[in-house]
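Enquirer: Curious how this folds, go ahead:
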Amino acid sequence: MLFGNNHLTVTNGSDVTVTFRAMDALKRVDYAPNAAEGIKVACAAHWAKNNAEAAEKIKDVVKPYDWTYTTDYTGTLVAGDDGGSAPEAAFGPPPGDAIIDVERLKRPDPILFYDELVLYEDELADNGTAILTIRVRVMPTCFLILVRFFLRVDDVLFRVNETRLYHTFGTDVLLREYSSREDTYAAVRA
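Expert: Here you go, the predicted model:
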């Protein structure tokens, strides 16, 4: 299900805007015919064995997209007041070895604002779930945005792609970190 009206936009005035929209995230899904060829639902081998004749006919079907809707979306950058696309360089290199201040986030500072948005989700024909969410948390000294794509294909695999945007108020640095993790269903359950 697509929640096309849900979005989050962060701007520093007139220089740079980062926005998160479902359609932009879906544009990052791989539409190559073999994009998710290696990912089959748990019952696929059993069905193919018991329906060999039908399985032979199906082998030539082209899958025009990644049916898991996996995205590596990190947000859409927009530069200036003209609304044009900004290059990734708009983030600039982080000063030194700047990383997200996890210790600051652990402090019991009051949360001034918190929200969670769902951009899209799918039940993968009752074989799991794929969901892209955004969480935003604003404290007196900083804010953190977490964009998380979560995929579970029942009895097959788990995948999590995350983007974190962090800003300490009073600085001109916006940090962005991206991570991707994947493991088999059996390994995660163990």
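Enquirer: tell me, what residue is most central in the protein?
Expert: Phe149 (3.5 Å; Cα atoms, centre = their mean).
Enquirer: Look up the residues forming beta bridges with that one.
Expert: Leu132, Asn161 (DSSP bridges).
Enquirer: these two touch, right, it and Asp66?
Expert: No: look at Phe149 against Asp66 with Cβ atoms under 8 Å: they stay out of range, at 11.5 Å. In this view, the C-beta of every residue, glycine as well, is placed from N, C-alpha and C.
Enquirer: Which residue ranges of this protein form strands?
Expert: 7-11, 16-21, 76-79, 84-85, 113-122, 128-138, 142-153, 157-168, 174-184 (DSSP state E).
Enquirer: Ranked by average pLDDT, which of these falls at the bottom?
Expert: Of all the strands of the chain, mean pLDDT reaches its minimum on strand 84-85 (a mean of 51).
Enquirer: now Val160: how far from Val18?
Expert: 21 Å (Cβ to Cβ, to the nearest Å).
Enquirer: higher neighbour count, the two?
Expert: When Val160 and Val18 are compared on other Cβ atoms under 10 Å, the one with more neighbours turns out to be Val18, at 21 against 14.
Enquirer: which residues does that one contact?
Expert: Thr9, Val10, Thr11, Gly75, Thr76, Leu77, Val78, Leu165, Leu174 (Cβ atoms under 8 Å, 6 or more residues apart in numbering).
Enquirer: Identify the bridge partners of the residue lying closest to the first one once chain neighbours are set aside.
Expert: Using Cβ to Cβ, 6 or more residues apart in numbering and skipping residues adjacent in sequence, the residue nearest Thr9 is Thr19, 4.3 Å away. Note on Thr19: beta-bridge partners by DSSP bridges are Thr9, Thr76.
Enquirer: I'd guessed Thr19 sits against Ala25; true?
Expert: No: the pair Thr19 / Ala25 is not scored as a contact, 10.9 Å apart, by Cβ under 8 Å.
Enquirer: more crowded one of these two?
Expert: Ala25 (23 against 14).
Enquirer: nearest residue to that one other than its sequence neighbours?
Expert: Excluding the flanking residues, the one nearest Ala25 by Cβ to Cβ, 6+ apart is Tyr73, at 3.9 Å.
Enquirer: Can you report how many residues lie near that neighbour?
Expert: There are 22 residues near Tyr73, going by other Cβ under 10 Å.
Enquirer: Quick check: pLDDT value at it.
Expert: 94.
Enquirer: Do I have it right that it meets Arg21?
Expert: No: Tyr73 is beyond contact range of Arg21, at 9.2 Å (criterion: Cβ under 8 Å).
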